[in-house]
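**Q** Test case, fold it:
(chains A and B)
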Amino acid sequence: MNDSAAQAGRHGATGFHWLLPFAGIVSLLIMWDLALRFSNVPLVPGPLAVARAIVELAQKGFLVKHVVASLFRVTWGYLLAVSVGVPLGILLAWYRRGGLALAPLVEIVRPISALAWIPLAILWFGVGDLSSVFIIFVASVFPLTVAAMSAVAGVSTTHWNAGRNFGLSARQIARRVLLPAILPRLLVGLRLALGIAWLVVVAAEMIAVDSGLGFLIIDARNAGNRYDLVVAGMVLIGTIGLALDASMRRIEGLRALRWSYAAAEEAA
Amino acid sequence: MIPARKPLPGRTKLAIRGLQMAFRTEESEVRVLEDLDLDVREGELVCILGPSGCGKSTLLNIVAGFLAPSSGSVKIDGEEVRGPDPRRIFVFQERGVFPWLTVEGNIGFGLGRLARAEREKRIGHYVRLVGLEGFEKAYPHELSGGMKQRVEVARALAVDPDMLYLDEPFGALDSITRLEMRRELLRIWQTEQKTILFVTHDIEESVQLADRVVVLSARPARIRRIVEIDLPHPRDLSSRRYLELRDGILEEIGLAHKI
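**A** Next comes the predicted model:
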């Protein structure tokens, strides 16, 4: 049973439940505004100032430029991480010995914050796009590796055996059993990793590039204390992150993917 | 009454000799199967009956080639079993249907080598045989437990195996569906002429289905007795002979008639 269907059933009578998130946002904006009016905190922009800043960015053409620049770096860093992390995780889980040898290594490197890599990134790739892409790559590759490993480990023995029973070769089992069996879990891992990749974009763009939302935030502060632009950058990052997450969830909701080992075990 | 004897003097399909199985843990060795000998004739439906955890699933997994025995031999058509084989399909206790495939996709899973037209014809045939018309495009999570079990049986039959291994296939179903599924299995078995090895812990089930019931002891499993069920199909579940056979097995297992 999928959650949204269950919720639709429960709130079906009122039919307004989809308004709730918007109500939450609107009340937050009002509270933000009121709080500023009644206190006297300097240098914190109100929601209107931030909205004006976003409009200003849009009018000057900076909005698209920064957003595209950030998405560009995140896309490259993330795709690189996917193309390395996912196959690596699958192989580590598939060849148990390789996994036993390499998994601890992954576990040691994984908790190191991507920010710690910044000096090395600059040393290796200089200042610029490549360094940012590298930071995003490093931040998302290990969660992806671990997600792929645990997805493979979670494939039920029954499904392996069924695949073997029908006389499939190792390659066919990989394609017709392994890949589809890990897909739902892997997609969750892909979504979380994309979130992480987006999360570090600010840090990655602090490495003196001249575009991107992270650059916008740093630059707005350095060049004139434009905190309305700082917060505008934050709002944009949040909104785009939400959109990325939502589109990944859409994929997870596909009919063929709407199952999971956890749900199957619960039903049994 | 029609004589109960089916084509029994058939040739031996499966021959198990001196089968032993032990699992080694870090400290100790768990003996699961002890010195099993069993012959199954072609076209026979044999139930392997034993208490939960006695090792009957292990036995079936060895016969299917998923596990290697500690010692002894398993031969099918005179050939040693060395691994799983599409001529002999295992129908799993937990749902073995692939949740990422539709009913059609599942039933056609083992038919990759056939031409498209032939494959679709076969899928259609087995969809009808197990009564799943109209659900061809449904995913397993949209089906009931009984329907999923049918999909798995159809997937097994579709590759036209000569043996079927069923590991408590109806255990998770409600009692009404279970009876229906037994009837369907018998119908399919009679039309398709397969040799069937059926593992169960349900005495009634074994007496309703089997030509012979192999009664196993608790672990380590040994064969206590092999009971011929000399009843014609369809079986009358209140006939004297049926009750006699059932009670005989109950007694063999050492359970009283009353609870």
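**Q** Only C-alpha atoms from now on, for both contacts and neighbour counts.
**A** Fine.
**Q** Next one: the residue of chain B positioned farthest from its centre, what pLDDT does it get?
**A** Relative to the C-alpha centroid of chain B, counting by CA atoms, centre = their mean, B:Glu27 is the outermost residue, at 33.7 Å. At B:Glu27, the model reports a pLDDT of 82.
**Q** Also A:Ile251?
**A** 84.
**Q** could you say what helices and strands the helix or strand in which it is found packs with?
**A** Using DSSP states H and E, A:Ile251 sits within helix A:227-252. Using 3 or more CA pairs under 8 Å, 6 or more residues apart in numbering or on different chains; DSSP states H and E, the elements in contact with helix A:227-252 are helix A:47-60, helix A:179-199, helix A:213-222.
**Q** On the three-state scheme, the residue farthest from the centre of chain B is what?
**A** Under DSSP: H, G, I helix; E, B strand; the rest coil, the three-state class of B:Glu27 is coil.
**Q** B:Val103 contacts B:Gly134, correct?
**A** No - counting by CA atoms under 8 Å, B:Val103 does not reach B:Gly134; the two are 10.0 Å apart.
**Q** Can you pick out the residue with more neighbours from those two?
**A** Legend: neighbour count by other CA atoms under 10 Å in any protein chain shown for B:Val103 and B:Gly134, higher for B:Val103 (30 against 9).
**Q** Can you give me every residue that contacts the residue nearest to that one when sequence neighbours are not counted?
**A** Spatial nearest neighbour of B:Val103, chain neighbours left out: B:Glu136 (5.0 Å); criterion: CA to CA, 6 or more residues apart in numbering or on different chains. By CA atoms under 8 Å, 6 or more residues apart in numbering or on different chains, the contact set of B:Glu136 is B:102-104, B:127.
**Q** show me what contacts the nearest residue to A:Leu183 once chain neighbours are set aside?
**A** Leaving aside its chain neighbours, A:Leu183 sits nearest to A:Leu257 (7.4 Å; criterion: CA to CA, 6+ apart). Contact analysis of A:Leu257 by CA under 8 Å, 6+ apart lists A:183-184, B:100.
**Q** Please convert these to TSV, extending it with neighbour count.
**A** As requested, the contacts of A:Leu257 are exported to TSV (neighbours: other CA atoms under 10 Å in any protein chain shown):
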residue	neighbour count
A:Leu183	20
A:Pro184	23
B:Trp100	23
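**Q** and of those residues, the nearest to A:Ala23?
**A** Using CA to CA, A:Pro184 is the member of the contacts of A:Leu257 that lies nearest A:Ala23, at 31.8 Å.
**Q** which other residues reach the helix or strand B:Thr58 falls within?
**A** Per DSSP H and E: B:Thr58 is located in helix B:56-63. By CA under 8 Å, 6+ apart, the list of residues contacting helix B:56-63 from outside reads B:32-33, B:48-50, B:67-69, B:74, B:81, B:165, B:167, B:197, B:199, B:216, B:221.
**Q** Can you name the two of those residues that sit furthest apart?
**A** That would be B:Gly50 and B:Val81, which, of those, are the farthest apart (CA to CA) at 23.6 Å.
**Q** what about the two, which has more around it?
**A** B:Gly50 (26 against 19).
**Q** tell me the contacts of that one?
**A** B:Gly50 makes contact with B:56, B:200-201, B:215-218 under the criterion CA under 8 Å, 6+ apart.
**Q** Equivalent analysis for B:Glu252, please.
**A** Contacts of B:Glu252 by CA under 8 Å, 6+ apart are B:224-225.
**Q** Next secondary structure after the lowest-mean-pLDDT helix or strand in chain B?
**A** Least confident helix or strand of chain B, by mean pLDDT, DSSP states H and E, is helix B:175-192 with a mean of 85. As assigned by DSSP H and E, the chain's next helix or strand after helix B:175-192 is strand B:195-200.
**Q** Phi and psi next, for the residue nearest to B:Gly65 when sequence neighbours are not counted.
**A** Closest residue to B:Gly65 apart from its sequence neighbours, by CA to CA, 6+ apart: B:Gly83 at 3.9 Å. Backbone torsions of B:Gly83, given as degrees, to the nearest 10, read phi 180, psi 180.
**Q** For B:Gly83, the count of nearby residues, please.
**A** 15.
**Q** Also B:Cys47?
**A** Neighbours of B:Cys47 (other CA under 10 Å): 28.
**Q** wait, which of the contacts of B:Gly50 is closest to A:Leu123?
**A** Distances from A:Leu123 to these, taken by CA to CA, are shortest for B:Lys56, at 63.1 Å.
**Q** So, low pLDDT: which residues of chain B?
**A** In the predicted model of chain B, residues B:1-9, B:93-94, B:255-259 satisfy pLDDT under 70.
**Q** Ok, the stretch 1-150 of chain A next?
**A** Applying pLDDT under 70 to the stretch 1-150 of chain A flags residues A:1-15, A:41-43.
**Q** Which strand or helix spans B:Ala22?
**A** strand B:12-24.
**Q** so how far does stretch A:105-122 reach from one end to the other?
**A** 24 Å (CA to CA, to the nearest Å).
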